[in-house]
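1. A structural model of the following input is requested.
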Amino acid sequence: MADVDTEVPPLPPRYRFRDLLLGDQTFQNDDRVQVEFYVNENTFKERLKLFFIKNQRSSLRIRLFNFALKILTCALYILRVSLDNPTENYSINGCQVHSSPSPFVLQVTVALISFLETMLITYLSYKGNIWEQIFQISFILEMINTVPFIITIFWAPLRNIFVPVFLNCWLAKGALENMINDFHRAIQRTHSAMFNQVFILICTLLCLVFTGACGIQHLERAGKNLSLFDSFYFCIVTFSTVGYGDVTPQIWPSQLLVVILICVALVVLPLQFEELAYLWMESQKLGGNYSRHRAQTEKHVVLCVSSLKIDLLMDFLNEFYAHPRLQDYYVVILCPTEIDIQVRRILQIPLWSQRVIYLQGSALKDQDLMRAKMDDAEACFILSSRNEVDRTAADHQTILRAWAAKDFAPNCPLYVQILKPENKFHVKFADHVVCEEEFKYAMLALNCVCPATSTLVTLLVHTSRGQEGQTSPEPWQRTYGRCSGNEVYHIHLADSKFFGEYDGKSFTYASFHAHKKYGVCLIGVKREDNKSILLNPGPRHIMAATDTCYYINITKEENSAFIFKQEEKHGKGLPVTGLYDAPSRLPVHSIIASMGTVAIDLQHPDPPEESGKLTLPTENGAGSRRPSIAPVLEIADSSTILPCDLLSDQSEDETNQSDDEGSVGFVKGYPPNSPYIGSSPTLCHLLPQKAPFCCLRLDKGCTHNSFEDAKAYGFKNKLIIVSAETAGNGLYNFIVPLRAYYRPRKELNPIVLLLDYPPDNHFLEAICCFPMVYFMAGTIDNLDNLLQCGIIYADNLVVVDKESTMSAEEDYMADAKTIVNVQTMFRLFPSLSIITELTHPSNMRFMQFRAKDCYSLALSKLEKIERDKGSNLAFMFRLPFAAGRVFSISMLDTLLYQSFVKDYMIAITRLLLGLDTTPGSGYLCVMKITEEDLWIRTYGRLFQKFCSSSAEIPIGIYRTESHMFSTSEASESQVSINAEHGEEHQGRAGSWKEKTAHRNSTTSDQSEHPLLRKKSMQWARRLSRKNVKPASRAERISQQRLNLYRRSERQELSELVKNRMKHLGLPTVGYDEMNDHQNTLSYVLINPPPDTMLEINDIVYIIRSDPLAHMPEDSQMGQAARNTKNQQDFGAQSRNETHL
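-> Take a look at the predicted model:
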């Protein structure tokens, strides 16, 4: 019973939540006091003040009514003057009057209303000081213009007295200014201070002219009786400082008025002009506004940067406006700093002044975003300042700008550039994100295993028409420049003439035949129901009409013209041979017409029956033939797809391992620890167990091993050394592509990180699971550090740009230390391949600098010519860039800009670089052409060989040629003479194969080099110095002395290195001081024509299909089980981090 009594009854519906908290207080209702707030606003005075002053809309109406009254008063004065009879004038107490009483009643009514309004406003705005309000100029003018009319109501003789009603124009000016301010407040829009000042200046001039015209006309009634128009004419002539003298005041009162008006004008107008000039200068700094009308009728994009440099601006403008459909777009630059002088000069060029608008402001202020009309923009590009010493702080600023833009304009697409990978997840909401360090380290890593990957990707992401270098006499420059125009495009299969006929065929079949017929290279595809792009999905992928095809070509298919040619061999009864037997029958592709289209020569669509039977060159006159290349099947049997016989077996069956591999004990799995959030999981070669941190130190022994230098480890493969300032999280992306599962174990190169500052444990925890990865504290300007880390056993040295050198006093001096250190290593270790990252692309001309090399000087002039022509790739002919030895991350800025038109470019680039591994998507690798492979002869036949045997897609060639770099005019002349004799001897050479081997050999004796580059030396001599005198005996002796000096310099450098090695206790056997690459020339050919002849030592870029995509399901399950078992030792925490 007690439990029933203690139960809480349910609350009645009238109770609110507040009553539940405060309890039932109904018993206190009698003690409550109702308090009304803001009672003073209920008074009559406050209500009037609210209506006349405080309320924006009602006060705007009152000011508009007041302005109309003043204008009406001035109009009535003009009407009264025009109705007056000048002869009927008389004087009262010395005051001139006129007798026309026609508009009197109306004037008195207006004056009475104005007087009452003025007194009411004065009463409402009273704040305790009555004299301050009485002596205001506006109040005095009101009294002068209204009180006399009110007095005349009671005293009739004063009705003809003169009242200067025209002074109401000054009151109308003030009312108009206040009205405009209230209007902008009412509509909640801010107007320009420049507009206000111009408006005030115009009103002041009008008031001065009107006051002068009316005053002079009235005073001249006692003189020449000037009309109102004559007085207005006189004032205009006087204030414009023309002074014709045909109309002048005659009596002293009017003359005195003119003097007063001129003095007032000399005081008031300069002050207003000064204020206007100041506002104009400030507006030039701030950039004004992007008009709302233009934003609604035109399209524009917004570029947000923390500081705008001339190089960044030109890269953006050249790449953005390279696309035809973007020519009508406006670019609004929003930058917090004042515009730079060089940028100002560029923006004053008519080409950019009509399309680029600079606004000084912050992206964190809604007012500045409103000035830029961010909510109406087609896109917003937010770029980081890579020249900052604290790159993390620069990323934080970029993140805040991205958040502010997303908050202000949620529907505006964002294109964000971030520097450090650990900050990438903060801007994951953006439509497109490019992380600089991710791309940089992945590209530098691929440069070590796929030469010149940086050049390949840079050329692909730059917009070009392939016309660079076409006027050069150098064949390699014309070919290289033409192939550089290739870009990645996309099209739907059902809408394509390139690929439409391959609906229902395999991807490999479509890629080969499209290249054979049209010269385009199909590299990837995307299903309609899948958002992932697949690079070379392999022969199992059957093309569908809804697929999106991604291909490499000079231009997109929509800008191509198709020219059909009839084959006449069938009609003439000539024997039908293979497609690539004669160069004259090859498709003519990628020919740029004057209108920017491509003329494509379409061969007979049906391939000949014997196209798969390609005859091979005979050897020593014998009639024996090697097996020909098999045809590419429409729907290939995956069981027949084997690795290409040109390559070593890279498919590595784990059940068939050699003894050496078994001793290493590598496993395949996902790295258990990622140094930052957002890294893409990649299947890699891993250690069965984590290596202790002490074992990762290369130059110091520990309890597990006693090795203290690279020689003691006894590595079988050449080292890859990375020199960086700190072990940032981006360095993780250098290791992952080099340890990816598709890299053969036998070809894994040891990686040595040469760091200025030792890494922290967080980074070591991320890399300790990778095999053969070591670090060492040291710098590249210390020879002992280089020797200890095994530079003489290295094949590649990667020099990463240091953050501490990026903010130099002179911008372009940021690379000075890096360039000089690399030049020193180039002299000490000529055989070493050095890959350098620079801050500024213009500094790449100093890499491997030769001051007296005429050929390099000729290339410098060619670069200037291409830049004058408006090329976006003027630096492409620099030998270090063409060879892939130098790279600048600013070259990849165009990747973000291109994403506005090609939203797939970032995804394709990440797949090529190995940053993303989509299941079923291929990867980039290379194959080297040896002497045994020259029977394939052409690039087109090589394409067929890859597609038919291993389902691989070639996309380009990295070619290396022998070249003699002349260092003086005497040696140049001698080279030219030797070349002429050598050419006659070469005309009597042997078989085609011997010529090819001789032409492409990069290890031949230097005496044969002049035979290869006669035209090169003539071209260099013609561009550098036109008049070359034959070498005299003194010059030849000087050249011999120079050669002896150089030989002694090389010996001196060699002795220096060997002495340091002996001092460190290192063997000097591996130091090869004479083998270098100084007499070779390398460049990249993207998607070359099918008739391009293969040369020895060519390196072919290929996209190999995913090996896991062709594995049987039971094999995949077994592999997954083994990987799971091998990763159990890493612990549960590691597995969780892997999934993250």
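2. and the spatially most central residue of the chain, what pLDDT?
-> For the chain, the residue nearest the mean C-alpha position is Asp893 (3.5 Å; C-alpha atoms, centre = their mean). Listed pLDDT for Asp893 reads 87.
3. with the one 4 residues further on instead?
-> In this model, Tyr897 is scored at 90, pLDDT.
4. name the nearest residue to it, ignoring sequence neighbours.
-> Closest residue to Tyr897 apart from its sequence neighbours, by C-beta to C-beta, 6 or more residues apart in numbering: Glu319 at 4.4 Å. For the C-beta atoms, the positions are set from N, CA and C on the backbone; glycine is no exception.
5. I'd like to know how far the one you found sits from Gln348.
-> 21 Å (C-beta to C-beta, to the nearest Å).
6. which one of those two is surrounded by more residues?
-> Each of Glu319 and Gln348 has its neighbours counted (other C-beta atoms under 10 Å); Glu319 has more, 22 against 9.
7. work out for me the element the more buried one sits within.
-> helix 310-320 (DSSP states H and E).
8. helices or strands up against that helix?
-> In terms of contacts (3 or more C-beta pairs under 8 Å, 6 or more residues apart in numbering; DSSP states H and E), helix 310-320 is packed against strand 330-335, helix 341-347, helix 893-898.
9. as JSON lines, the ones you listed with distance to Met1061 would be great.
-> JSON lines is the format used below for the helices and strands packed on helix 310-320 (distance: least, C-beta to C-beta, whole Å):
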{"stretch": "strand 330-335", "distance to Met1061": "53"}
{"stretch": "helix 341-347", "distance to Met1061": "49"}
{"stretch": "helix 893-898", "distance to Met1061": "42"}
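10. figure out which of the ones you listed is closest to Thr458.
-> Thr458 lies closest to helix 893-898 among these, at 8.4 Å (C-beta to C-beta).
11. what is that closest one packed up against?
-> Counting contacts by 3+ C-beta pairs under 8 Å, 6+ apart, helix 893-898 is packed against helix 310-320, strand 414-418, strand 432-435, helix 453-461, helix 905-913.
12. now it, how far from the chain's geometric center?
-> Centroid separation for helix 893-898 versus its chain: 4 Å, with C-alpha atoms, centre = their mean, to the nearest Å.
13. could you give the separation of the strand or helix carrying Cys380 from the chain centroid?
-> Element membership of Cys380, judged by DSSP H and E, is strand 379-382. Distance of strand 379-382 from its chain centroid, counting by C-alpha atoms, centre = their mean, is 10 Å.
14. again, but for stretch 812-820
-> 23 Å.
15. top strand in the protein by residue count?
-> strand 953-962 (DSSP state E).
16. could you check the angle helix 905-913 makes with that strand?
-> Here strand 953-962 runs at an angle of 70 degrees relative to helix 905-913 (axes from the mean of the first three to the mean of the last three C-alpha atoms, to 10 degrees).
17. who does strand 953-962 touch, helix- and strand-wise?
-> helix 475-483, strand 521-526, helix 939-949, strand 1080-1086, strand 1099-1104.
18. now it: mean pLDDT?
-> Rounded mean pLDDT across strand 953-962 is 92.
19. ok and that strand relative to helix 475-483, angle-wise?
-> Going by the same axes, to 10 degrees, strand 953-962 makes 160 degrees with helix 475-483.
20. name the strands paired with strand 953-962 and say parallel or antiparallel.
-> Paired neighbours of strand 953-962 in the sheet (DSSP bridges): strand 1080-1086 (antiparallel), strand 1099-1104 (antiparallel).
21. re earlier: relative to Phe512, which of the helices and strands packed on strand 953-962 is closest?
-> Of those, nearest to Phe512 by C-beta to C-beta is helix 939-949, at 4.1 Å.
22. quick revisit: mind putting the helices and strands packed on strand 953-962 in TSV, mean neighbour count included?
-> Output for the helices and strands packed on strand 953-962, formatted as TSV (neighbours: other C-beta atoms under 10 Å):
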stretch	mean neighbour count
helix 475-483	20
strand 521-526	24
helix 939-949	24
strand 1080-1086	23
strand 1099-1104	23
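23. gap between Ala883 and Ser454?
-> Distance from Ala883 to Ser454, by C-beta to C-beta: 10 Å.
24. with distance to Leu167 and mean pLDDT added, can I get the helices and strands packed on helix 893-898 in a markdown table?
-> Formatted as a markdown table, those follow (distance: least, C-beta to C-beta, whole Å; pLDDT from 0 to 100):
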| stretch | distance to Leu167 | mean pLDDT |
| --- | --- | --- |
| helix 310-320 | 54 | 87 |
| strand 414-418 | 58 | 94 |
| strand 432-435 | 64 | 93 |
| helix 453-461 | 70 | 92 |
| helix 905-913 | 69 | 93 |
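25. mind putting the ones you listed in JSON lines, distance to Val331 included?
-> Below are the helices and strands packed on helix 893-898 laid out as JSON lines (distance: least, C-beta to C-beta, whole Å):
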{"stretch": "helix 310-320", "distance to Val331": "7"}
{"stretch": "strand 414-418", "distance to Val331": "13"}
{"stretch": "strand 432-435", "distance to Val331": "17"}
{"stretch": "helix 453-461", "distance to Val331": "20"}
{"stretch": "helix 905-913", "distance to Val331": "20"}
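26. for these, which one sits closest to Ser948?
-> Closest among these, using C-beta to C-beta: helix 905-913, at 23.6 Å.
27. gap between that closest one and the chain center?
-> Worked out by C-alpha atoms, centre = their mean, helix 905-913 lies 16 Å from the chain centre.
28. next SSE downstream of that helix?
-> strand 923-928.
29. which SS state does Lys668 fall under?
-> Under DSSP: H, G, I helix; E, B strand; the rest coil, the three-state class of Lys668 is strand.
30. correction: Leu303
-> When the rule is three-state DSSP, Leu303 gets the label strand.
31. quick one: contacts for it?
-> Phe316, Val331, Val332, Ile333, Leu334, Cys380, Phe381, Leu383 (C-beta atoms under 8 Å, 6 or more residues apart in numbering).
32. which SSE is immediately downstream of the one helix or strand Phe232 maps to?
-> Per DSSP H and E, Phe232 falls inside helix 228-239. Using DSSP H and E, the helix or strand that follows helix 228-239 in sequence is helix 252-286.
33. for that following helix, which positions count as buried?
-> Ser254, Leu257, Val258, Leu261, Ala265, Gln272, Leu276, Leu279, Leu286 (16 or more other C-beta atoms under 10 Å).
34. quick one: contacts for the nearest residue to the first one once chain neighbours are set aside?
-> So the one you mean is Ser254. Excluding the flanking residues, the one nearest Ser254 by C-beta to C-beta, 6+ apart is Leu219, at 3.9 Å. Shown in contact with Leu219 (C-beta under 8 Å, 6+ apart): Gln96, Pro249, Ile251, Pro253, Ser254, Leu257.
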